[in-house]
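K.L.:
pasting the structure only:
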């Protein structure tokens with residue numbers, strides 16, 4: 001085994017999973033002069049990147065061209081992993097059918113790295129997951145595949161991703177990076193790697209603390225969004241303008257952070273990550289994480305609430321929702337990006353369609369929208385569409401909208 005594994009190290013890092021987390025990381029590392037290879041299981045993604053095409057919101061084709069000029073290449077071959085000093089796993093962790101995390105992609109990536117692992121390498125997991133994944137799931141896969149011992153022969157750490165798609169102000173470099181290693185030396189190795197292209201690296205006590213920090217960050221947002229969503233319902237009944245209330249509360253310079261009501265929550269992080277924690281608490285300890293489950297319940301019922309409000313508004317004008325035309329503006333999960341993952345616009349449109357409404361949509365970032373297995377074409381003439389619509393709902397507040 002020993003001889004075969006001493007293949008030449010030709011890269012500083014291999015990034016596994018070239019999506020909205022892996023690609024900005026690879027970009028920043030390349031910009032800092034590191035030699036980076038990318039690995040992805042999708043031939044389309046790999047061929048696209050090697051041809052200079054980006055498939056994520058935050059990177060343009062020009063950005064990818066700049067990466068290629070800096071020596072970046074993408075591959076579907078697992079053998080590229082063995083050529084790097086550091087392997088960073090940035091694969092998705094969706095929800096499984098039973099509401100827990102689907103660790104399939106993490107397990108596949110762990111097995112791939114384990115099969116290519118050399119002594120002295122550092123392996124970092126960035127995929128959001130429940131506390132304990134790094135030491136209970138990833139480490140055994142790496143040790144089994146390589147015959148080496150974690151924390152002795154190679155280094156392992158967890159470092160949560162903090163990518164905020166569409167954020168002009170905070171990117172990979174100026175967002176502090178949390179790192180929790182299996183041993184203090186593992187933490188030091190991972191820190192040394194990130195410090196080459198991230199301004200501030202913060203050491204966590206261990207991988208579980210780093211894993212849980214990410215879940216705390218997202219649960220905090222999830223719960224506060226649910227709080228204003230619940231307030232939006234009774235503020236309406238009490239004839240109080242909640243948006244004005246939030247503007248007023250925001251004038252307090254300490255102890256308050258503004259969150260805004262909406263048609264639900266979307267994106268990958270907010271609706272999904274807190275579930276990992278509540279699932280983990282339930283399966284290990286046998287009791288619910290009540291705050292998360294309550295927030296989930298409130299946010300999940302928002303699309304139905306918005307549909308009911310739409311029905312009430314039309315009713316005021318003696319128009320039935322059945323047969324009326326409802327125009328949805330903005331169908332992505334957050335402003336000014338094209339990402340539609342878990343967008344609340346989908347359940348909202350389904351609710352409206354179920355009531356017999358004719359749903360149309362406009363979005364500056366989306367040309368076609370998939371709904372109930374059908375593709376809705378975007379209305380091209382926005383002003384014309386507004387004129388013929390019985391009701392217009394601003395679902396996502398893109399800057400392009402007045």
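P.N.:
Arrived safely, thanks for sending. If you're wondering where the values come from, they're calculated on a predicted model, not measured in any experiment. Residues are numbered from 1 along each chain as shown.
K.L.:
for residue 55, what are its contacts?
P.N.:
Going by Cβ atoms under 8 Å, 6 or more residues apart in numbering, residue 55 touches 45, 48, 49. Using the backbone N, CA and C atoms, a C-beta is placed for each residue, glycine as well.
K.L.:
ranking those residues by neighbours, who comes first?
P.N.:
residue 49 (25 neighbours; other Cβ atoms under 10 Å).
K.L.:
re the thing from before, kindly reformat the contacts of residue 55 as JSON lines containing pLDDT and distance to residue 281.
P.N.:
Shown next, in JSON lines, are the contacts of residue 55 (pLDDT from 0 to 100; distance: Cβ to Cβ, whole Å):
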{"residue": "45", "pLDDT": "94", "distance to residue 281": "35"}
{"residue": "48", "pLDDT": "95", "distance to residue 281": "40"}
{"residue": "49", "pLDDT": "96", "distance to residue 281": "39"}
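K.L.:
Helices - which of these land there?
P.N.:
Members of the contacts of residue 55 lying in helices (criterion: DSSP state H): 45, 48, 49.
K.L.:
show me what contacts the residue nearest to the last one when sequence neighbours are not counted?
P.N.:
Okay, so that is residue 49. Setting aside the residues directly before and after it, residue 49 is nearest to residue 74 in space (Cβ to Cβ, 6 or more residues apart in numbering), at 4.4 Å. Going by Cβ under 8 Å, 6+ apart, residue 74 touches 18, 37, 38, 39, 40, 45, 46, 49, 50.
K.L.:
Looking at the ones in helices among the contacts of residue 55, which is nearest residue 239?
P.N.:
residue 45 (51.0 Å; Cβ to Cβ).
K.L.:
which secondary element of the chain has the worst mean pLDDT?
P.N.:
Here the helix or strand of the chain ranked lowest by mean pLDDT, DSSP states H and E is helix 2-5, holding a mean of 42.
K.L.:
Tell me which residues are up against the helix or strand following that one.
P.N.:
Downstream of helix 2-5, the first helix or strand assigned by DSSP states H and E is strand 11-16. Contacts with strand 11-16, where a contact means Cβ under 8 Å, 6+ apart, come from 22-23, 25-26, 29, 34-40, 80-81, 83-91, 109, 112-113, 193.
K.L.:
and if you look at stretch 105-114?
P.N.:
Contacts of stretch 105-114 (Cβ under 8 Å, 6+ apart): 16-17, 39, 41, 78, 81, 87, 89, 91-93, 123, 125, 127, 129, 133, 137-138, 141-146.
K.L.:
Next: stretch 380-396.
P.N.:
262-263, 306, 310, 313-314, 319, 324-335, 343-345, 348, 360, 362-363, 379, 401.
K.L.:
List the buried residues for it?
P.N.:
Neighbour counts over stretch 380-396 (16 or more other Cβ atoms under 10 Å) mark 382, 385, 389, 390, 391, 392, 393, 395, 396 as buried.
K.L.:
again with stretch 112-121
P.N.:
Within stretch 112-121, the residues scored as buried using 16+ other Cβ under 10 Å are 112, 113, 114, 115, 116, 117, 118, 121.
K.L.:
I'd like to know how many residues surround the residue nearest to residue 365 when sequence neighbours are not counted.
P.N.:
Spatial nearest neighbour of residue 365, excluding adjacent residues (Cβ to Cβ, 6+ apart): residue 338 at 4.0 Å. Counted with other Cβ under 10 Å, residues neighbouring residue 338 total 15.
K.L.:
Residue 338 reaches residue 54, doesn't it?
P.N.:
No: counting by Cβ atoms under 8 Å, residue 54 is not a contact partner of residue 338; they are 11.4 Å apart.
K.L.:
where does the stretch 301-402 of the chain have low pLDDT?
P.N.:
339, 341-342 (pLDDT under 70).
K.L.:
which residues of it fall in helices?
P.N.:
Using DSSP state H, counting those that start in this stretch, the helices found in the stretch 301-402 of the chain span residues 302-316, 345-354, 382-388.
K.L.:
Residue 179 in helix, strand or coil?
P.N.:
Secondary structure, DSSP: H, G, I helix; E, B strand; the rest coil: residue 179 is strand.
K.L.:
List the residues that contact it.
P.N.:
Per Cβ under 8 Å, 6+ apart, neighbours of residue 179: 124, 157-159, 187, 190-191, 194, 201-204, 210.
K.L.:
switch the cut-off to 6 Å
P.N.:
157, 159, 187, 190, 191, 201, 203 (Cβ atoms under 6 Å, 6 or more residues apart in numbering).
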